[in-house]
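**Q** need coordinates for the below:
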Amino acid sequence: MLSEQTLLDVSDDRALTTTARKIIADIKNRIFVSAASAWEISTKVRLGKLPSGADLTADFAGQLEREGFQMLAISSDHAIRAGLLAGPHKDLFDRMLIAQAQAENIPIVSNEALFDAHGVRRLW
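**A** Here you go, the predicted model:
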């Protein structure tokens, strides 16, 4: 599963590690993008904190399809896991990504080391 920052960096490979680029480029891998990433990106665009995400939000589903990525919807199980997730981390979007990775047993491609503390496989 790609994190919000990784999703934005897909077109700018220089921001990704060699490992991340290989994982994303390997057609044998199914790449999921959380609905939480769409929510986070669009929220940051609205607040003016991420103007570079405007094109992505304008056609999010189309962009994912063109990249060959799959959307990962937020289920009630994901929401409950995110709400009950232990620890002081207050970022709701990160909590959801952690919960989804745990529930679906899928790794996260991200530079965010905080995911490691929650037993999530992080690829970077």
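
**Q** how many neighbours does residue 118 have?
**A** Neighbourhood size, residue 118 [other CB atoms under 10 Å]: 19. Using the backbone N, CA and C atoms, a C-beta is placed for each residue, glycine as well.

**Q** swap in residue 69?
**A** So residue 69, with other CB under 10 Å, has 19 neighbours.

**Q** what about the residue lying closest to it once chain neighbours are set aside, distance to residue 117?
**A** Of all residues not flanking residue 69 in the chain, residue 31 sits nearest, at 4.6 Å (CB to CB, 6 or more residues apart in numbering). Using CB to CB, to the nearest Å, we find residue 31 at a distance of 24 Å from residue 117.

**Q** related to what we said a few turns ago, was I right about the residue nearest to residue 69 contacting residue 71?
**A** No. The criterion here is CB atoms under 8 Å, and residue 31 misses it with residue 71 at 10.5 Å.

**Q** more neighbours, the two?
**A** Of the pair residue 31 and residue 71, residue 31 is the one with more neighbours under other CB under 10 Å, namely 22 against 14.

**Q** so what's the more buried one up against?
**A** Neighbouring residues of residue 31 by CB atoms under 8 Å, 6 or more residues apart in numbering: 1-2, 23-24, 67-70.
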